[in-house]
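Engineer: when you get a sec, could you give me coordinates for this:
(one chain, ligands or ions: 1)
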Amino acid sequence: MVTSDYVVVGAGSAGCAVARRLAESGASVTLVEAGKREDGRGVKSLVDIPGAVSVLLSTPQLKKLVDWGYKSVPQAAALDRVIPMTRGKLVGGSSSVNGMLWVRGHRQDFDDWAADGATGWSYDDVLPSFKRLEDWEDGATDLRGAGGPIKVRRQRNITGAAESFLAEAPGRLGVPVVDDYNGPEQEGVGLAQLSADAGHRSSAARGYLREQPLDNLLILTGAHVTRILIEGGRASGIEARGVDGDLQTIRASREVIVAAGTFGSPQLLMLSGIGPAAHLRQHGIDVVADLPVGDNLHDHLFVPISNQMDSAVRRPTPAYFLRGLARARMRRDGWASGSQFDLLGFVRSSQAGIAPDLQLHVLYWIYPFPNQDGAKAVRPPTTKPGLTVLPTLIRPESRGTVRLAGSDPMLAPLIDPGYLTAASDTDVLLEGIARTREVLTGLGDSTGEVVPGADYATPEAIRRILPNIVHSVYHPVGTCRMGSDERAVVDPQLRVLGVDGLRVADASVMPSITGGNTNAPSIMIGERCAELMIERRSL
Ligand SMILES: Cc1cc2nc3c(=O)[nH]c(=O)nc-3n(C[C@H](O)[C@H](O)[C@H](O)COP(=O)(O)OP(=O)(O)OC[C@H]3O[C@@H](n4cnc5c(N)ncnc54)[C@H](O)[C@@H]3O)c2cc1C
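Structural biologist: Modelled structure (predicted):
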């Protein structure tokens, strides 16, 4: 039986950071991951080459190698759609399969967390962790970090179509061009920043584990954690099932840290008796702590608006992809060595407060229509070049749940994000679409909108089709909420309430979603969890 000081469940964005930092402090750590290595045969290039992500995620045979394969329950406010809930199942977790966009969020996000009971998580509190974890191409400043494990740089060689958007959008949207949206001001339109460098993805796996291995950090892969062992009110270890089906026990002499993500962490807590008492009893699970685990699920949604434009240059054809990927692999340049998003924008709708509530993702392909729910890869309606702008709801009001489908740990959880259940979410998205269209129609070589297209040009028509064309941005958060009141699952030290020796550290602890893509704040949560634990030990 393996015993170490700490057991960390899940080698994702946050789990890699917390495991590494605890091991650096001298403790022995076992990091237990259900998925495979990210640098193994069959997946290495697909994960490592930035541009390969679209092939990886749009080819079902490849996707199933690295994805949990989860889907939502039918979404009542979205035509009962069953929407893919993609999650990385490999070392690096979702940071090994994500779009690599690097966004911390608005400073107000963290100040709101602190005001809502997450004491010690204001922007000023979390800024040192954000700085420590990154290696920003411009070097260190008061707000940015250098020398950290995650390499961050701006997108280079943007398409002519994106250049036109950058020239036109600020005037039409009434925002500035922003040089660094992770710097002093977020609002504006600017070059996307990505967690990649010299044609390699900078995942949490690469930054925290692979580049400088540590002897006291043991990484177990292919080990699906089925239960947290709780003895006398204290977490003493975990039980995991290997790929051969054998059960293994791993003991923690100090603490267990659950970093299994927004779906995996609540599922594991509930399987271990920590969750809503009535729900656990319904599945015959003994209740250890009655907590609102699995509540408060929320996510970002976006809607693609694609215009055909020759200046977008890139062609979504197999031959174009193969050439781009081969070049990126051999020479580390060309489109596939960077992000598929050239620009990001942050703007305020008429309902916003001081922080933007709409993000614009600017992508250099035409997007599939109407959505990507099907099992088969979906093709765009044309292979012509085009620019897609995705107005994105970054402060959703809709809330949903994660629940158990049964007491069998191998069953997928029931995921209900409750998309569009709050009417204001539809209103903000429609406003984002209208403003996006105002910019796109003014662009020089646009020959017209192809997605959703002229049939949906009127406000009534776009409102009618909206539930069929919203996409998850794959940013679910909130199901093991951090706080200080009855909505909380963990306290501001990330300790599970009512159980000793157990913490949660990942996107699930966010009380409310950050205004931007969620990888950077998830890694920050892992960093900060380790800091809080190490500080306390040295007191
Ligand atoms: C397709 C996609 C694109 C995205 N694009 C972006 C982007 O461009 N920019 C951005 O900022 N964010 C993006 N995100 C979101 C971002 O990657 C996530 O918010 C972030 O990675 C969440 O980190 P986490 O640590 O909470 O969970 P994860 O990184 O998902 O880690 C959870 C880990 O736990 C493991 N695990 C789960 N259950 C168990 C178990 N029972 N036993 C053992 N191991 C377990 C999982 O396999 C996984 O490795 C994207 C996500 C996806 C899926």
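
Engineer: find the helix or strand that the residue in the stretch 251-400 of the chain that the ligand sits nearest to is a member of.
Structural biologist: Of all residues in the stretch 251-400 of the chain, residue 264 sits closest to the ligand, with a separation of 2.9 Å (CB to the nearest ligand atom). Glycine gets a C-beta too; all of them are placed from N, C-alpha and C. Secondary-structure assignment from DSSP states H and E places residue 264 in helix 261-271.

Engineer: that helix - what's its average pLDDT?
Structural biologist: Per-residue pLDDT over helix 261-271 has a mean of 99.

Engineer: now for it, which elements pack on it?
Structural biologist: strand 223-231, strand 247-258, strand 401-403 (3 or more CB pairs under 8 Å, 6 or more residues apart in numbering; DSSP states H and E).

Engineer: buried sites along stretch 382-390?
Structural biologist: Within stretch 382-390, the residues that qualify as buried by neighbour count (16 or more other CB atoms under 10 Å) are 385-390.

Engineer: and the contacts of it?
Structural biologist: 159, 161-162, 165, 302-317, 360-367, 380, 436, 439-440, 443, 446, 450-451, 471 (CB atoms under 8 Å, 6 or more residues apart in numbering).

Engineer: what are the ranges of the helices in the stretch 51-200 of the chain?
Structural biologist: 53-58, 60-66, 107-115, 123-133, 160-173 (DSSP state H, counting those that start in this stretch).

Engineer: any idea what residue 290 is bridged to?
Structural biologist: The residues paired with residue 290 through beta bridges, assigned by DSSP bridges, are residue 275.

Engineer: enumerate every residue touching it.
Structural biologist: By CB under 8 Å, 6+ apart, the residues touching residue 290 are 275-277.

Engineer: again, only using 10 Å
Structural biologist: Contacts here follow CB atoms under 10 Å, 6 or more residues apart in numbering; on that basis residue 290 touches 273-280, 497-498.

Engineer: lowest confidence element among the helices and strands of the protein?
Structural biologist: helix 53-58 (a mean of 91; mean pLDDT, DSSP states H and E).

Engineer: what lies in contact with it?
Structural biologist: Contact partners of helix 53-58, identified using CB under 10 Å, 6+ apart, comprise 43, 45-47, 49, 62-63, 65-67, 84, 86, 96-100, 201, 316, 318, 321-322, 324-325, 336, 339-340, 363, 365, 368, 372, 376-379, 474.

Engineer: show me what residue 446 is bridged to.
Structural biologist: Beta-bridge pairing of residue 446 under DSSP bridges involves residue 309.

Engineer: for it, list the residues it contacts.
Structural biologist: Under the criterion of CB under 10 Å, 6+ apart, the neighbours of residue 446 are 161, 164, 307-312, 386-387, 440.

Engineer: go again using 7 Å as the cut-off
Structural biologist: With contacts defined as CB atoms under 7 Å, 6 or more residues apart in numbering, the neighbours of residue 446 are 307, 309, 440.

Engineer: show the pLDDT at it.
Structural biologist: So residue 446 comes in at 92 (pLDDT).

Engineer: which residue is most remote from the mean position of this structure?
Structural biologist: Centroid-distance maximum for the chain: residue 232 at 35.2 Å, with CA atoms, centre = their mean.

Engineer: tell me the SS of the closest residue to the ligand within the stretch 351-500 of the chain?
Structural biologist: Residue nearest to the ligand within the stretch 351-500 of the chain (CB to the nearest ligand atom): residue 474, separated by 3.5 Å. On the three-state scheme (DSSP: H, G, I helix; E, B strand; the rest coil), residue 474 is labelled coil.

Engineer: residue 10 is in contact with the residue of the stretch 251-400 of the chain closest to the ligand, correct?
Structural biologist: Yes. At 6.1 Å, residue 264 counts as touching residue 10 under the criterion of CB atoms under 7 Å.

Engineer: hmm, back to that, quick one: which of the contacts of residue 446 is nearest residue 173?
Structural biologist: When the contacts of residue 446 are compared for distance to residue 173, the smallest value, 11.7 Å, is given by residue 440; criterion: CB to CB.

Engineer: helix or strand for that closest one, just tell me which one.
Structural biologist: Taking DSSP H and E as the criterion, residue 440 maps to helix 423-441.

Engineer: buried ones in that helix, by neighbour count?
Structural biologist: Within helix 423-441, the residues that qualify as buried by neighbour count (16+ other CB under 10 Å) are 425-426, 428-433, 435-437, 439-440.

Engineer: okay, the angle between that helix and helix 160-173?
Structural biologist: 120 degrees (axes from the mean of the first three to the mean of the last three CA atoms, to 10 degrees).

Engineer: now do helix 423-441: everything it contacts.
Structural biologist: Identification of contacts with helix 423-441 by CB under 7 Å, 6+ apart yields 165, 168-169, 172-173, 301, 303, 305, 307, 349-351, 357-358, 360, 389, 391, 393, 396-398, 420, 446, 449, 462-463, 466.

Engineer: cool, stretch 171-183 as well?
Structural biologist: With contacts defined as CB under 7 Å, 6+ apart, stretch 171-183 is touched by 103-104, 143-144, 166, 170, 185, 187-190, 193, 344, 346-347, 435, 438-439, 442.

Engineer: and those, which are buried?
Structural biologist: By 16+ other CB under 10 Å, the contacts of stretch 171-183 give 103-104, 143-144, 166, 170, 187-190, 193, 344, 346-347, 435, 439 as buried.
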